[in-house]
Structure formats: C-alpha cells, structure tokens
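Visitor: Okay, sequence plus prediction incoming.
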Amino acid sequence: MGRPALSSTGKRKSGEPIDAYNVPVRKRRMKPREVFLFVLLSVGSLLFLLPLWWMISTSLKSPQEIAQYPPTFIPNEFHFENYMHTWQAAPFTLYAFNTLMLAFFAVVGNVLMNSFIAYGFARIAFRGKRFWFSVLLATMMIPGFVTLIPQYVLFSKLHLVGTYYPLIIPQFLGSAFYIFMLRQFYMGIPKELTEAAKIDGANHLYIWARIVIPLSKPALAAIAVFAFNGAWNDFLGPLLYVNDEVLYTLQIGLQSFRGSVQTQWNYLMAGSVIVLLPVIILFFLFQKYFIEGMNLTAGTKG
Amino acid sequence: MKTTAQARAPKHARKKLSKLARREELQGYLFILPWLIGLFGITLFPMLFSLYGSFTDYDVTSRMNFIGIDNYARMFADDPLFWKSLYNTLYYVALMVPLTTIGSVLLALMLNEKIAGMRVFRTIYYLPAVLSGVGVYFLWIQLLNPSTGLINTMLGWAGIPGPAWLSDPMWTKPAIIMMKLWSVGGGMLLYLASLQGVPSQLYESAKLDGASAFRRFWHITLPMISPVIFFDVVTSFIGGFQIFQEGYVMTDSGNGGPMGSLLFYNLYMWNQAFGLFNMGYAMAMAWVLFVIVLVLTLINLRMSKRWVYYEGGDD
C-alpha cells in the first residue's frame, strides 16, 4: 500500500474525481455484441435483485406458505400484519433510536476529526510529519481483532463496559483510511487559495474551518455516508460492549429477536427488512456520495 | 514539503526554529493530536499490553501470572481447534480474495461499456454492497435453505440437486463465499473509477497497430488498473482475516457450525476470550494472527513489484 499511495502523479487531480455515472449515451442502433451484453447484464441484475425480493416476499407470507414446497415467488396472500407483529414483538423503536444516536456521533466524529487531522498532515510543515504519516499507513495493516481484546480490557478497567463510550470515543480519534483519503484530497487544493489568508495572518484553524472544509464538502459528505452506514451495520462493537437490553442497537436487537421467534421466518425477514430498508433509502438518496467515496479511494491509488 | 523547517532556517538552526516556524510546528502537532491520542491510547498501548498478556494466564478479573510461552506452546502443539480455525480462515481467504477480485474486475469491464441502461445496471449491481450485518445473514440463511430456499430452487430448474449448504460441512464455506460475491459491487465501483482514468489514446493507437481486444485488455487495461487491483487485493486480504460475524450469526451464536466448519480464527479467539475468559490465550492468538497477516502482506508487497505498474515510474 505504502509507496504508490504517496505519489500524487495520477492522471487527474484527486480534487476532481471522475463521475462514474457520467456516461454519454448516444441514440443509435446497438451492435450484436452490445445486445448480448445488454441481455447478460439484465439477467445478472435480476439475479442480484432476487435475494431482496425473496426477503420482502418471505416477510409477507404465512408460516404455512414458507414451509410449502416448491416455494412461491409471489405470496398467495399478503400478510402485511407481519410487520406490525414484528414491530410489537421487540422494542424496535428503542433499538432504532439507539442506533441513530450512535450513528450521529459516528458521523460527527468522523467528518470533523478526520478532516482536522488530515489538514495537519496535508498543509502544515512540522518535524516528524513523514514519520508519523508512515506510522499512519502502517496502522492500516493491523487487523482490528488484534487490538479488540486489549481494548476491551482497557475499557473494562475504566469501567466503561456497558456504556456507549467505547463505541463513541474511537470515532473521534480519527480513522487511518479516511485521514489518508482526505490528506490526498487536501494536497490537491491549490496553494493560492490558502496562501492569501495566511498572509493576512489567519491561523491554520481558521483556514481549515473557513476555506478547506467548504472546499471538501463532497468528500466529507462521502465520509458521512460511509460512517453512518458503518455505525448502522456495526455488530461487533455493540455485541462486545453493550449488555443491557435498553442499550441494544438494531443489529443486536435483530440477533436477539431471532432467539425469541425461533423459526418464524416471516417475522425474521420482516425484521431484516426493517433494519435494511433505511440503508436502501439512504443509498438511493445519497448514491452520489457513495460513488464519490469510491472515486476518492480509487483516486488515491492512481 | 515546500516549507519544511530546514528551508526556513539554515542548517545549524535546526533546534532553534524561528518564532513563526515554532508556531507552525505547534499547530501541526495540535492538528494530528487526536490521532496521536488514538494511536497510543487505543492501538499501541493495548497492543503492548496484549503482548505481555499473551505470556500470562490473564482472566480480566484478578489472575495474571507469568507463564512464559505456555500459551503459544499449547496453541501450536496441543490445540486442534486452533489449527481447525486457522485452516477455515485460510480456506476462506484463499478462495474469497481471488473470486471477488476477478468478479469485480469482470463486472467493472462490462459496466464500463457504453450501452443503454448503464446507470440503472450500475445502481443495481452496487446496491447489495452497501447492505451488511445481521439482516443480510438472516436473508442468506433463508436463501440457502436446502429445500425451500431460492438458491436450491433455481439450481433445481437446471436439474442440479443443490447441497445442504449451511448444514453440510463441505458446503458451509462456499456458501459464505457466495454471499460475499453478492456484494462485489463495491470493488466493481473502485475498478470502474480507475478504468475511466485510462487514457483513450492508448487504446486508439493499439487499435491502429491491429491489437486484438484481448491483447488491448492484457497489455493496456490490466497494467493501467494494476495499482487498484493491488490495493483491492491487499485490503480484502486483511479484511478476509477479520471474518467473524458470518460464523457467529449463521451458526447459532458461535458454536462454529456443522463439524466446526465455520469456526473461523476470530470466532475461536472470541470464544476463548469472552466465553472461557482465557484472555491470555486469546491475546496470544491475536498476536499470532497479527504476525500471519503481516508476513502475508509483506509477501504481497514484495510480489507487487513484479506485476503492478506505476505510471510515472516507481516513485
């Protein structure tokens, strides 16, 4: 990872990522090869979407119909009340609230602190910067499970196990990957833009807050979306640090819900839809930023 | 590095920086301070603690006697489950990394063509990649149901009798890998972005020289996207060794599935640490994992020099 990443001799500046969706499509007759590709991609799309359809369809079936062989693709009867039963069978409202709270801190922490730290690495000259930056790159190679147990010990000695602090605090201490990504982005911002403010006597805090942050809004939005998604889907963290049901998140709640409904797959699938639907909606609303994030990642490697 | 400390003040003044440079330096450390706190507080210090802990019989509450290399000796010589979990993880990584890499490159190549409906196709193929967690595992338990699941139903149409997937020790890991392949969209998007950065002149001049489509792919596309392939391989490699949740959720809260076929390394470590409270032993396991991943990553880096092409030289 190390060496290529450090060079900034890409084809394009990291500040201007290519829009992966910007494909000019001319109206013309398709060649046979293109027809073949179109058919292939259509069949593949169906295969990729079928699991999601299966989840929705199972969530609307009666238990008898789920056990039926061969299985039905469209439910004979639509049992929309499955969703109501699911929502009432476990405190999903509470789980959702807890998850949203953790996601909020994850978004704020990641957007603010990664940008702050990346600015330091990209725009300020200080002794030891190269050294610390290579340490940062090296930490990306430490698998999370290596620090998992001693971190747990640390938080348990601080009497923080059973609270949200172990899940929130790390979000404010920077993530190597996002720092790296933003640093590459900030290096691409023309110097003239910040130099003028510097001559006027502005300190770095001002330049970061007033010039660099507004310029990096799309990149920060991408990080916000990924941080939200990460917090929403986080299973390991809450599994380790949360033991009181009042603090359960959607992921842990859904897992424990399985224990209470056993093999009632209509309810389990309804619960899965409830947990996954917000992410799907988020995806369609902020698709642009999901893609922006991927372009930034690719941009750091070019 | 246009304004390093040295550039501002000549050689002998390395220690005595100008007032301005000192302020600059202070601000630099102020900006990276949060990360430094994290580095020492929740990464380096815990790792050092676990290195010491791995030579003890630590149990979180009170016991922490130094027992030398007992944990390591027991692991290598006297713990079949350690080997089993290591085997399961290596099996998974060895299959998952090449399959998802090839899958996402192929998908990206197809989705890089200019045909009707491309925006919609890209959206559809990417969507599953943003979904993860318990909901997805439940969905796949359902899809993989041997009699009424979607996958065996569709295999049945083709006249293929599907295996029992999650209850057949031979098929549990392939089932998990299949689930991973559903989310190749993330890698696909990464490759798509890099494919669009390949200058079209390269293809045009190759075409003029009469190079076939395959040769153009092999001699232009592949080298040009090789840095991204390398990045993707290294990260999915490290990510692959993190596999835990699939084994935990898809096998009745972590019993490891049929014949321990889904007892992944981290799952076994988790059971040792938080099930049996053999913290010392689990810490030793964590360090062995770290060394394995480190060595394999270094091999990866070393080998990359042979096949990764960096435009503008090897900096």
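Guide: All right, it came through fine. Numbers count the residues shown, from 1 in each chain, chains lettered A, B, ... in the order given.
Visitor: B:L81 is in contact with B:G260, correct?
Guide: Yes. Counting by CB atoms under 8 Å, B:L81 is a contact partner of B:G260 at 7.1 Å. Yep, even glycine has a C-beta here, placed from its N, CA and C like the rest.
Visitor: Can you check which residues contact both of those two?
Guide: Counting by CB atoms under 8 Å, 6 or more residues apart in numbering or on different chains, B:G260 and B:L81 have no shared contacts at all.
Visitor: Give me the buried positions along the helix ranked longest in chain B.
Guide: With secondary structure taken from DSSP state H, chain B has its longest helix at helix B:80-111. Across helix B:80-111, burial judged by 16 or more other CB atoms under 10 Å in any protein chain shown covers B:82, B:84-86, B:88-89, B:92-93, B:95-97, B:99-101, B:103-105, B:107-111.
Visitor: can you check stretch A:241-249 too?
Guide: A:241-242, A:247-249.
Visitor: and what of stretch A:87-101?
Guide: In stretch A:87-101, the ones that count as buried by 16+ other CB under 10 Å are A:87, A:90-92, A:94-96, A:98-99.
Visitor: out of the residues you listed, which are inside helices?
Guide: A:87, A:92, A:94-96, A:98-99.
Visitor: among those, which are within reach of chain B?
Guide: Contacts with chain B within those, counted by CB under 8 Å from any CB of the partner chain: none were found.
Visitor: Export these to a markdown table and append columns for pLDDT.
Guide: Output for those, formatted as a markdown table (pLDDT from 0 to 100):
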| residue | pLDDT |
| --- | --- |
| A:W87 | 93 |
| A:F92 | 94 |
| A:L94 | 96 |
| A:Y95 | 96 |
| A:A96 | 96 |
| A:N98 | 97 |
| A:T99 | 97 |
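Visitor: count of neighbours near A:R29?
Guide: Counted by other CB atoms under 10 Å in any protein chain shown, the residues lying close to A:R29 total 6.
Visitor: sec struct for it, please.
Guide: Of the three states, A:R29 takes coil under DSSP: H, G, I helix; E, B strand; the rest coil.
Visitor: any idea how far it is from chain B?
Guide: 11 Å (CB to the nearest CB, to the nearest Å).
Visitor: show me the residues around A:T72 that make contact.
Guide: A:57, A:61, A:65.
Visitor: among those residues, who's most crowded?
Guide: A:K61 (23 neighbours).
Visitor: Any chance you could list what contacts stretch B:93-101?
Guide: By CB under 8 Å, 6+ apart, stretch B:93-101 touches B:173-174, B:177, B:180-181, B:184, B:187, B:229, B:232-233, B:236-237, B:240-241.
Visitor: which of those count as buried?
Guide: B:173-174, B:177, B:180, B:184, B:187, B:229, B:232-233, B:236-237, B:240-241.
Visitor: picking that back up, which one of the contacts of stretch B:93-101 is nearest to chain A?
Guide: Of all the contacts of stretch B:93-101, chain A sits closest to B:F241, with 5.5 Å by CB to the nearest CB.
Visitor: sorry, back to before: ok now the longest helix of chain B, how far from the chain's centre?
Guide: Centroid separation for helix B:80-111 versus its chain: 10 Å, with CA atoms, centre = their mean, to the nearest Å.
Visitor: and that helix, what's its mean pLDDT?
Guide: Helix B:80-111 shows a mean pLDDT of 96.
Visitor: And the helices in the stretch 201-315 of chain B, which stretches?
Guide: B:213-216, B:222-240, B:245-249, B:265-270, B:279-307 (DSSP state H, counting those that start in this stretch).
Visitor: Just put the ones you listed in JSON lines and tack on distance to chain A.
Guide: Below are the helices of the stretch 201-315 of chain B laid out as JSON lines (distance: least, CB to the nearest CB, whole Å):
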{"stretch": "helix B:213-216", "distance to chain A": "10"}
{"stretch": "helix B:222-240", "distance to chain A": "5"}
{"stretch": "helix B:245-249", "distance to chain A": "5"}
{"stretch": "helix B:265-270", "distance to chain A": "5"}
{"stretch": "helix B:279-307", "distance to chain A": "5"}
